[in-house]
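>>> could you work out the structure for the sequence below:
(2 chains)
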Amino acid sequence: MPDVQALVNDFVNQLKKRKIEGSQATAKQTAEVLRSVISQQRVPHTNQAAALINAVRAVGEQLIAANPVELAVGNIVRRILHIIREEDLSLATAAMAGLGLSVASDDEDDMERSDQPILSAAAVAAAARSTLRPPSLQTLLEDMPDSAAVPHTSSSGGDSEGKSRSVDKGSRGRKLKHDVIEAVNELIQDISTCYEQIAEQAIEHIHQNEVILTLGSSKTVLEFLCAAKEKKRSFKVFVAEGAPRYQGHLLAKDLAARGLQTTVITDSAVFAMISRVNMVIVGAHAVMANGGVIAPVGLNMVALAAQRHAVPFVVLAGSHKLCPLYPHNPEVLLNELRSPSELLDFGEFSDCMDSASGAGSLHIVNPTFDYVPPKLVSLFITDTGGHNPSYMYRLIADYYSADDLVVKGRPTTGS
Amino acid sequence: MWWRSASFILDRQQNDAALRPDTSSTVTPPPPTESSSAMGLPTDHNPNISAYYQTRAAHHAVVTSDWLAQAQAAAAVAHDPPQSTSTADPDKPFSVIDVFNNWRRQPDLAEAVAAIRALAAVIRSSQASTMMQLEIELKKASDSLKAWDTTSISLTAGCDLFMRYVTRTSALEYEDFNSAKSRLIERAEKFGEISYKSRKIIAMLSQEFIFDGCTILVHGFSRVVFEVLKLAAQNKKLFRVFCTEGRPDRTGLRLSNELAKLDVPVKLVIDSAVAYTMDEVDMVFVGADGVVESGGIINMMGTYQIALVANSMNKPVYVAAESYKFARLYPLDQKDLAPALRPIDFGVPIPSKVEVERSARDYTPPQYLTLLFTDLGVLTPSVVSDELIQLYL
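Numbering: from 1, shown residues only, chains lettered A, B, ... in the order given. All right, here's what the predicted structure looks like:
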């Protein structure tokens, strides 16, 4: 499949050169690339899900390595792995239910069969639940049906109706792929519409005559504010400009164009203005499993200011930004240093630098992200509603399966 | 003793009610630790030293004074005969507590697992012919186990967890009684393996959090925490450990010995030097006797203090605890727990007018804990209540 490989390589290159910006665009493209990987993947007759998972995992590993700081890539890879597992299980459950029915109706005389099929549907459903769910106290107690049901699935069909089963299996393979692609399409759809779903909730959070503060530019925030404006709420917005990229200027222009009363302030004026603010609404780069936020640089300061003055600090994040990993030393490991040209023009301070050796007394550091610890965040608004930082784990448990947390590394024999 | 929370009073009443019929039944009357001395019941352990503390001492090899030797000798005398008779003589009434005590004496076996094994023995020896009968028998046995040592949290949690499983299984109502019974026994056996495995899982999960060059403060001796540090040492991580002394039973000394054997740089600090050393520390690692519904932990005395200091200096506090330690308790404050008493050797005679605080453990509220490493994954404190609610709903 040279065309898929080319597609993947192209995407990897774009990621490496940081040509794709923003987690939404990245997430969408990742999903699209993986969709074509899945559609090109030839599935064997047995164990189709494993083949798909391995293929996605192999590509996913390359994509994650291409830009480890863009967590959305890893999130989408894990989401798709989870989708494959889910679809496979739902198909297996359906198949088992069908088999159990046919057995019950056809073979009344066959007595030795009657002892096994009773547990079929219920047991498979239980097994499906326990494999998909993250480990919990319940599954700790109830992992018995898992071992009981799996050999049953593979062995039971072997005796009588071999031919019809193989046909059934072939169609099941195609069905699995079809279902997975369908689900991935849904995921892509979700990613592109997450703005609207978040914006829908704006009216519940923004009230009349409130003063909102934001920093930098985020499309989610723009849509959120505009949605409230469209519902005839009148409120003021303070936009901190977000040095060094000054994307706050763009946001302020957009907001003013839509008729919102907007004030631009410098980043350093946040503390001076925060006492007049009712709510801080910001976007995020990624949300970690503990509820911590990787956000554009400067936001930790805003969060601290908000906490100091007991102003709610609200983070808007689409579900593709939800990362199932815990941050380890996020200020360094999940950060990226951008070009110093954003701070200084070329040649401006050249007399401070020794151009020959490159080792002058002047250093310029331009980090991209800040880590905001979970206790500074009051509320997350995602496309599924508002959540407390300590509740993030539950969303993560819904979207990801525990086996996929480590995408790269050892060959997974266990799963 | 003054119990502040109404819930605790209710629990006591229930326990008492459950106890009374036991005296006439086959299950031997469990001497409740609190009331035993007042009621004059014969006890097999020193009323001044809680059973909880005895187990802890046995597991953690705390041999500081002769009282323990005496207590153990007394316990051995009391326990050994039933051990032989319960296997040899089928006529003797079966006692859960004896079985439990036999299991409990294994050094590496957690108390909760011993309790579940003991309950499995109840199922095995039970003559019940319906699920309901079996359930009632089990309930009785688990109540007497719980009442035998009201201070042990993991014992109560283990019993509750297993009882919950039994009721759920019978609620499913598939298969006949015998297969359900064998399933339950099998499950109980498996639980022991899980408890061994869970320490390994916890050690693996926490590896990522131990980074090169970090300094870890550890309080007391916890088998899980030791496993975590051992694995980190085996993974060639470079880290330093500060062990608190853990007065009065000096469990920290033992941990520092063990770590020194692994060539991990260790420094012993006295318990009162925690705040002094905290600015060098990168993270605090503690075990837990029990994880309660609020997400807080009940652990060896001094944990709360360390968590407070760590929190005020913005250091993360990590807890390593197996999931069978999740208990359905909601302590509102420190006094809202059955205190596990222990003797304290001050080295000099204490005048009888001076009162001594002898409680062996304290409660650390969830807001001072950063993350819990359990075999269910890395959890924030609020997940614990979620898990418990899901299970016991």
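>>> who's in contact with A:Trp217?
Actually, residue A:217 is Ser rather than Trp. A:Gly242, A:Gln247, A:Gly248, A:Leu250, A:Leu251 (C-beta atoms under 8 Å, 6 or more residues apart in numbering or on different chains). Placement of C-beta: from N, CA and C, glycine included.
>>> dump the residue contacts of the fourth one.
Same thing as A:Leu250. A:Leu250 touches A:Ser217, counting by C-beta under 8 Å, 6+ apart.
>>> Throw the contacts of A:Ser217 into a markdown table and include pLDDT and secondary structure, thanks.
A markdown table is the format used below for those (pLDDT from 0 to 100; DSSP: H, G, I helix; E, B strand; the rest coil):
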| residue | pLDDT | secondary structure |
| --- | --- | --- |
| A:Gly242 | 91 | coil |
| A:Gln247 | 92 | helix |
| A:Gly248 | 94 | helix |
| A:Leu250 | 94 | helix |
| A:Leu251 | 95 | helix |
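>>> between those residues, which sits nearest B:Met283?
Set against B:Met283, the nearest of those by C-beta to C-beta is A:Gly242 (32.9 Å).
>>> please state the backbone phi and psi of the closest one?
Dihedral angles of A:Gly242 (phi, psi; degrees, to the nearest 10) stand at phi 80, psi 60.
>>> contacting residues for it?
Contacts for A:Gly242 (C-beta under 8 Å, 6+ apart) come out as A:Leu215, A:Gly216, A:Ser217, A:Gly248, A:Asp267, A:Pro296, A:Gly298.
>>> what is the neighbour count of the fifth one?
This means A:Asp267. 20 (other C-beta atoms under 10 Å in any protein chain shown).
>>> and what of the second one?
Neighbourhood size, A:Gly216 [other C-beta under 10 Å]: 26.
>>> separation between it and A:Leu81?
Counting by C-beta to C-beta, to the nearest Å, the gap from A:Gly216 to A:Leu81 is 32 Å.
>>> so A:Leu376 is in contact with A:Gln307, correct?
Yes: between A:Leu376 and A:Gln307 there is a contact under C-beta atoms under 8 Å: 5.4 Å.
>>> residues shared between the contacts of the two?
What both A:Leu376 and A:Gln307 touch, as defined by C-beta under 8 Å, 6+ apart, is the set A:Phe313.
>>> of the two, who's got more company?
A:Leu376 (20 against 17).
>>> ok, back up a step: right, and the pair among the contacts of A:Gly242 with maximum separation?
The largest separation in the contacts of A:Gly242, counting by C-beta to C-beta, is between A:Ser217 and A:Asp267 at 13.1 Å.
>>> spit out the contact partners of B:Val99.
Under the criterion of C-beta under 8 Å, 6+ apart, the contact list for B:Val99 reads B:Ser86, B:Arg117, B:Ala118, B:Ala121, B:Val122.
>>> could you tell me how many residues sit around the fourth one?
Read that as B:Ala121. Neighbourhood size, B:Ala121 [other C-beta under 10 Å]: 22.
>>> could you find the closest non-adjacent residue to it?
When the adjacent residues along the chain are set aside, B:Ala121 lies closest to B:Val99, with 4.6 Å between them (C-beta to C-beta, 6 or more residues apart in numbering or on different chains).
>>> ok, now the second one?
Of all residues not flanking B:Arg117 in the chain, B:Trp103 sits nearest, at 4.8 Å (C-beta to C-beta, 6+ apart).
>>> quick one, domains of chain B?
Domain ranges of chain B: B:6-197, B:200-392, per automatic domain parsing.
>>> now, of the ones you listed, which is deepest in the fold?
Here the criterion is mean neighbour count by mean count of other C-beta atoms under 10 Å in any protein chain shown, and of these the winner is domain B:200-392, at a mean of 19.
>>> how near is B:Ser206 to B:Glu227?
Distance from B:Ser206 to B:Glu227, by C-beta to C-beta: 9 Å.
>>> give me the common contacts of those two.
Taking C-beta under 8 Å, 6+ apart as the contact rule, B:Ser206 and B:Glu227 both touch B:Ala320.
>>> how about the contacts made by residue 298?
In the absence of a named chain, chain A is used. Counting by C-beta under 8 Å, 6+ apart, A:Gly298 touches A:Leu215, A:Gly216, A:Ala240, A:Gly242, A:Ala243, A:Asp267, A:Asp370.
>>> the intended chain is chain B.
B:Ile298 neighbours (C-beta under 8 Å, 6+ apart): B:153, B:288-292, B:329, B:331, B:337, B:361-364.
>>> show me the residues you listed that map onto strands.
B:Gly290, B:Val291, B:Arg361, B:Asp362, B:Tyr363, B:Thr364 (DSSP state E).
>>> ok, those vs chain A, which is closest?
The shortest approach to chain A among those belongs to B:Val291, at 11.0 Å (C-beta to the nearest C-beta).
>>> need the contact list for the closest one.
B:Val291 sits next to B:Ile297, B:Ile298, B:Val319, B:Ala321, B:Lys325, B:Phe326, B:Ala327, B:Leu372, B:Thr374, B:Val384 when contact means C-beta under 8 Å, 6+ apart.
>>> OK, contacts around the closest residue in space to A:His387 that isn't next to it in sequence?
Setting aside the residues directly before and after it, A:His387 is nearest to A:Phe380 in space (C-beta to C-beta, 6+ apart), at 4.7 Å. For A:Phe380, the contacting residues are A:Val287, A:Gly291, A:Val314, A:Val315, A:Leu316, A:Ala317, A:Gly386, A:His387, A:Asn388, A:Pro389, A:Met392, by C-beta under 8 Å, 6+ apart.
>>> take the ones in strands among the contacts of B:Ile298 and write them to JSON lines, including pLDDT.
Output for these, formatted as JSON lines (pLDDT from 0 to 100):
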{"residue": "B:Gly290", "pLDDT": "90"}
{"residue": "B:Val291", "pLDDT": "92"}
{"residue": "B:Arg361", "pLDDT": "89"}
{"residue": "B:Asp362", "pLDDT": "92"}
{"residue": "B:Tyr363", "pLDDT": "94"}
{"residue": "B:Thr364", "pLDDT": "96"}
